[in-house]
Every structure is written in C-alpha cells, then in structure tokens.
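J.: attaching a predicted model along with its sequence, questions to come.
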Amino acid sequence: MKVARFYAPGDIRLEEAPEPKAGPGELKLRVRNCSTCGTDAKIRRHGHHHIVPPRVIGHEIAGEVVEAGEGVSGWSAGDRVQVIAAIPCGECPDCRRGWQTICPNQESMGYHYEGGFAEYLVVPAKVLAVDGVNRIPDGVSFAEASVAEPLACVLNGQELARVAEGDDVVVVGAGPIGCLHVRMARARGAARVFLVELNRQRLDMAADRVHPDAAIASGEVDAVDEIRKLTDGRGADVVITAAASGAAQEAALQMVARRGRISFFGGLPKDKPIISCDSNLVHYRELTIVGANGSSPEHNRRALELIASGQVPVSDLITHRMPLDEVLTAIDTVTEGTAIKVTIEP
C-alpha cells in the first residue's frame, strides 16, 4: 500500500509499505479521507517532539472497517467510521474528572501511532478503549466526517468560552478553523459574528462561504476600532483567537466587552509564547481568558451530529480534494493559504 511517511523536517516520502493487520483489540480501516491542517504543515517544516520518525502522519481520519481484531465487538467490515486524533488515557485523575482534553498521558494518531495518509491503517486498542471510533451518520460523506475532528476542537473551545445565544462573537483568523468557529457560533445562537483576518485574499475566500456579519481586514484597518464601532463602543461578548498570533491575543483584550470571554484557541510558536497582558483590564472588567486544547471522544461524536443535522455545514469548506500521491502539494496548498480545507482521498 502507499503511505506518506515523515522522516525529518523537509523530508516526507511517498512509499510502499506492507498492508497492516489488526491485532487484539484493534480495528483495520481502509482510509477514505484524511484531511490536512496547519499542524501537518508545521510537522513538514519543523517536525514535532512527539513524533519519532519514521512515522506515517495525518490525523483527521475517516474510513471503512476492513477487519476487527480479536476481542473487538460491535464493529463489522463495511462500517463507516471516524477516528479521534487525540487519545486520552481514560485512567488519570484528569480523565476521571471528565477532563480528557488535558490528559497528561495523551497520545495522538499520526504522532505516536501510524496516521491516515495511507491506504490502510490500524486503529490502536487504546482508541477503542476510550470509545474513540465513531459511526458516521447516514448522509454524511467520508470527507465531511474527516472534518469532525477539527470541528470537535472548535466545539470544545466554544464550550469553554461559553458562547451563547445573543452573543456578539469575534473570530480572529479566517483559515479552516476560523470558518468552523463562525459556523459553530451561529449554531450556538450568536447574535452577530465578526471575522477578522490580516490577509485580504484569505478573508474574502472565507467570507464568501461563511458570511460573517462583518469581514474586517486587519492589514488595512484597525480591527479593535472596527469592533468597537460595530458594538457601539461596548466590545464583543466573546473573542476567539483562531490564529497563532500573540498580537491577536493582545488585541483581544482591547476588543472584548466587560464581563467578556476570550478564547486563546490558537497556540503560539514555542519560541515566542509570551504576550503583554494588561492585568488591570482583566481585573476591573471581570474578563475571563480560557485556553482550548484539542477535543475529547465525546466532542467528536457531537461534532458528527452537528454535521449530520446541518447545524454546522462543512462540505463547502472542503475546497480541494487530492489523491495520496499529491499529499505534498496538499500540504503546500495549506501553507500558502490558498485553500480552506484540503482533504486527501487515498
């Protein structure tokens, strides 16, 4: 079978590999779609401290069950499934409290285990042990189901930020995650959703699909001033920084209303993680700042339901579909920012 295997920064190879077999407690899948994300582009450029090469990468996985290993029940050949990316241990104090997204023993598909840029993969027993394989609802395509993983992360972030009916919400960053945040906020009843993006071309491409109440090109205008004007000087109830930008996080403190919530959704580069924070703004305005780290198996299940019900459409966000042979081109396309969502169809 064909696989895309990471060896070192700048060195991802398309190779032939033996077709895997399902061991005890495992499932073997025929991968139908594995979508790409900005993390794949970062891995290609810099590697990742959790990846010990060589490793087949790709973690937004949807496919078809081929074989169930010994001891696995409830799954049959032909079942359509979506697989979680982040694998909690299910046993630590945090997992027992229901905080699986911050499990200190978390592992990941495409990092610790072979990922989805392959024709076939084996789902580890650890994934099945935490109910990390989800049946794809009728009417949802494999491509749409592969987007459930990033949507699950968005759902976690918006729950932590308590996005609610009637809120004015600002989303900073018009990539695929930003687009999903716009649609998730609408599904949660936001009154208005404003999209802020530095790159005009990327903003226009995203706004054409997700139709924010205002699209603000922060490279051309002062985004803080624009948000204040749009909210009659009050600021937004929620600001979500869906970009790896310290400047965006600092600006969020200026955009948010009193008693507002800020989600630092996008992590910052490891060599520049420190921002300037006016603590008095947080104190006197009673602001809440929350992080967001991935998703749980339950978030993935609910993300699939949101897609299936039409509350959060994703099919039109998939702008490029490519075969596995073109995975490097797909990652380049993500890096260039000329697509919203790029999916690989092995």
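T.: Happy to help now that I have it.

J.: can you pull up the most central residue in the protein?
T.: The residue at the geometric middle of the chain, judged as the C-alpha nearest the mean C-alpha position with C-alpha atoms, centre = their mean, is Pro150 (2.5 Å).

J.: that one: which element?
T.: In this assignment (DSSP states H and E), Pro150 forms part of helix 148-160.

J.: got the buried residues for that helix?
T.: Burial within helix 148-160, assessed by neighbour count using 16 or more other C-beta atoms under 10 Å, is assigned to 148-158, 160. In this view, the C-beta of every residue, glycine as well, is placed from N, C-alpha and C.

J.: nearest to Val182 among those residues?
T.: Val154 (9.7 Å; C-beta to C-beta).

J.: now do the same contact list for the closest one.
T.: The neighbourhood of Val154, defined by C-beta atoms under 8 Å, 6 or more residues apart in numbering, consists of 177, 180-181, 184, 265, 303.

J.: quick check, nearest of those to Ala190?
T.: Ala190 lies nearest to Met184 out of those, by C-beta to C-beta, at 9.0 Å.

J.: tell me what the helix or strand in which the closest one is found is packed against?
T.: Element membership of Met184, judged by DSSP H and E, is helix 176-187. For helix 176-187, the packing partners by 3 or more C-beta pairs under 8 Å, 6 or more residues apart in numbering; DSSP states H and E come out as helix 148-160, strand 168-172, strand 192-197, helix 200-210, strand 236-241.

J.: off-centre distance for the first one?
T.: Pointing back at helix 148-160 there. Taking C-alpha atoms, centre = their mean, to the nearest Å, the mean C-alpha location of helix 148-160 is offset from the chain mean by 7 Å.

J.: report the mean per-residue pLDDT for it.
T.: Here the mean pLDDT over helix 148-160 is 98, rounded to a whole number.

J.: and for stretch 223-240?
T.: 98.

J.: buried residues in it, which are they?
T.: With burial defined by 16+ other C-beta under 10 Å, the residues of stretch 223-240 counted as buried are 223-224, 226-228, 230-231, 235-240.

J.: ok, back up a step: contact partners of the helix holding Met184?
T.: 37-38, 147, 150-151, 153-155, 157-158, 163, 167, 169, 171-172, 193, 195, 197, 206, 209-210, 212, 238, 240, 242-243, 265-266, 306, 311-314, 317, 340-341.

J.: please, a ChimeraX command that selects the buried ones among the residues you listed?
T.: Buried members of the contacts of helix 176-187, identified by 16+ other C-beta under 10 Å, are gathered into one ChimeraX selection as follows:
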select :37,38,147,150,151,153,154,155,157,158,163,167,169,171,172,193,195,197,206,210,212,238,240,242,243,265,266,306,312,314,317,340,341
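
J.: brilliant, that's me finished.
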